[in-house]
Every structure is written in C-alpha cells, then in structure tokens.
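Enquirer: My questions concern the predicted model and sequence given below.
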Amino acid sequence: MKYRHAFHAGNFADVHKHVTLLALLRALARKEKGFLVLDTHAGRGRYDLAAADARKGDESRSGIERLLAAPIADVPEIHDYLELVRRSRKGPHARHAYPGSPWLALQVLRQQDRAVFVETQPSEHAALDASLRAATPSARFVSECADGYARLAHWLPNVERRALVLVDPPYEESRSDFDAVVAAIATVLRRLPTAVLALWYPIKDERDTGAWLERIPARVPHDAAHPPTFLCSELWLRPPDNRVGLNGSGMLIVNPPWQIDTRMREWLPVLHATLDPAPARGGWRVR
C-alpha cells in the first residue's frame, strides 16, 4: 500500500513543518516582488481528523489538538498557524479538519504569487484538486498528478526568479528517499541558485540523520556566485537514537531568509514545551 499522509495528519511533525512553512512564506512576502511556491509531495490538501485513517493512530491528539488546547505564549508564528487551522474548521462538516501544506500556502499567497502542487497518487491528487478549488477558486495555482521530483526541471527557473520549494517525501525507502532529496536540492540550485528550499526529514536515529546532513554540502554542486547556505530546525519528542519509530522532525532550509534562524529559536522551545509535557523526553535544536 502506498503511503497516505491521512494516517499521520496533524501529528507533531506536521505542526513543526507547517509552522516553519508559514514563517518562510511570510518572510518571502516581505518583498513586494512575487514568488512561486512549488510543493513536490502535496498530499490531499486538507484532512479529516475524525476519519478512520486519522483515528487509527490518533497522532493528532499529541500534535495539533494538544497545541490548540494549550495556552500559548506570544509567538507570532505559532499564533499565525493556529489561526489558519481554526479558519480551516469553519463551515459545515469541517469541525475536525486539518489543513495540509497546499491549503495553508494558498491562504497567505498574494495576488502576485503563484503555486504549483504536485501529487503522484491519483486518488490523493483528485482530493487535493477538489479541496483547493472549493476553498480558493480564484487562487493562482496549478495541481498536477505527477512525480514531483521530475517536475522540478519543468517549473524552474520561474519567471519571478523567486521560489520556495517544499520537499516532503514519505521516506518509505529510507536510503533512496534521502538520496532523492539530495538530488532534488542539486536540481533546484542548478536551475535557480537563489531558491529557498524547505525539506522535511524524519529523525529516527540522529547519528544516521546527522551524517546525512553533514554530507549534503559536498554533494550539491552550486553556482560560485550564489553559494547556498544551510539551516536545520529539529524537534524531537522521544530520545533521538531509538530506531523503533519516528522520534523527531527535521526541516532543512537551503538559502534561509534573513533572521529566520533567530525566529526559530523563539518558536521551537514553545512547541517543545507544549507538545512534550513533563517528564519531557525530547528537545529542539537550530544549527
């Protein structure tokens, strides 16, 4: 059976990823010139946390539902995210909705911005297209049922010459998926050296993850005039050296916007304290 994100929608990794995504989008929007959002593994756009798939693991209970129920300090990035989650739940039959990356992105894009959402599974793509067109019929977006990696070369470079590329694969085949992510970074930087990339990765054993991250700069050819910079944001709720399951969530940001690392150091400890209550087993890190 192919991976379906509905089983994990709204979990702590989604929370980490989506707070980061929105912060990146807001940072890019500080400049008037438009940009392209390109999501290579878009999923279905919006999920029902009351559906059987989501209830199977009930992962949202320790993720978005815990965050919604908690008093949150005055951290703009988290409040921005929670406001959009609540907005997604307005309307009939939406009480348990959870927005995926495409739905969130469309809520904050401006008239001069565009989006491309790529999903390889036909059933998930059909749900994605229907949910986005119902929610934002006038938005400037394209949805494709295709291989997101293969479509990178088609959409880049874009006419705006500014882009945020989100790569969020399922990591069903860990070694090949990690290699594919590195190849995607190389493709994007070759075609648009100034693009911002946001790449999600699982943390199961931090020794393996750390070794992979350390190798990336040497494996990614780049334009000498635009050397890429790399930033890692990590959040883990269980000891990060246990291979049994998903212990943590990582976001690798290539060409991070100005001061995004400073802002991460504000919102990550709040997310950790809320999602990993005492006795805490996890932690967070920006490097």
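Expert: Sure thing, it's come through.

Enquirer: how about the helices in the chain?
Expert: 12-28, 52-57, 64-69, 76-88, 101-108, 122-135, 148-155, 174-191, 206-219, 260-275 (DSSP state H).

Enquirer: which outside residues touch the third one?
Expert: Read that as helix 64-69. 10-11, 14-15, 49, 78, 82, 85-86, 98, 271, 274-275 (C-beta atoms under 8 Å, 6 or more residues apart in numbering). (Each C-beta comes from the backbone N, C-alpha and C, glycine too.)

Enquirer: Of all the helices of the chain, which one comes closest to Arg281?
Expert: When these are ranked by distance to Arg281, counting by C-beta to C-beta, first place goes to helix 260-275 at 10.6 Å.

Enquirer: for this protein, what helix or strand is lowest in average pLDDT?
Expert: Using mean pLDDT, DSSP states H and E, helix 52-57 stands out as the lowest-scoring helix or strand of the chain, at a mean of 70.

Enquirer: Leu21: how many residues sit nearby?
Expert: Using other C-beta atoms under 10 Å, Leu21 has 23 neighbouring residues.

Enquirer: hang on, I meant Glu266
Expert: 14.

Enquirer: Contact partners for it?
Expert: 75, 77.

Enquirer: when you give positions from now on, start the count at 333
Expert: Sure, I'll start counting at 333 from here, so that last one is Glu598.

Enquirer: separation between it and His411?
Expert: To His411, Glu598 is 12 Å away according to C-beta to C-beta, to the nearest Å.

Enquirer: hang on, the earlier thing: please pick the buried ones from the contacts of helix 396-401.
Expert: Burial by neighbour count, 16 or more other C-beta atoms under 10 Å: within the contacts of helix 396-401 this picks out 342-343, 346-347, 381, 410, 414, 417, 430, 603, 606-607.

Enquirer: Looking at those, which is nearest Val618?
Expert: The closest of those, once distances to Val618 are taken by C-beta to C-beta, is Leu603, at 12.1 Å.

Enquirer: I figured that closest one was touching Leu567, is that so?
Expert: Yes. Counting by C-beta atoms under 8 Å, Leu603 touches Leu567, with 6.0 Å between them.

Enquirer: Overlap in contacts, the two.
Expert: Joint contacts of Leu603 and Leu567 (C-beta under 8 Å, 6+ apart) are 348, 616.

Enquirer: next one: stretch 510-523 to chain centre, how far?
Expert: 16 Å (C-alpha atoms, centre = their mean, to the nearest Å).

Enquirer: in it, what counts as buried?
Expert: So, applying 16+ other C-beta under 10 Å, buried residues of stretch 510-523: 510, 512-513, 516-523.
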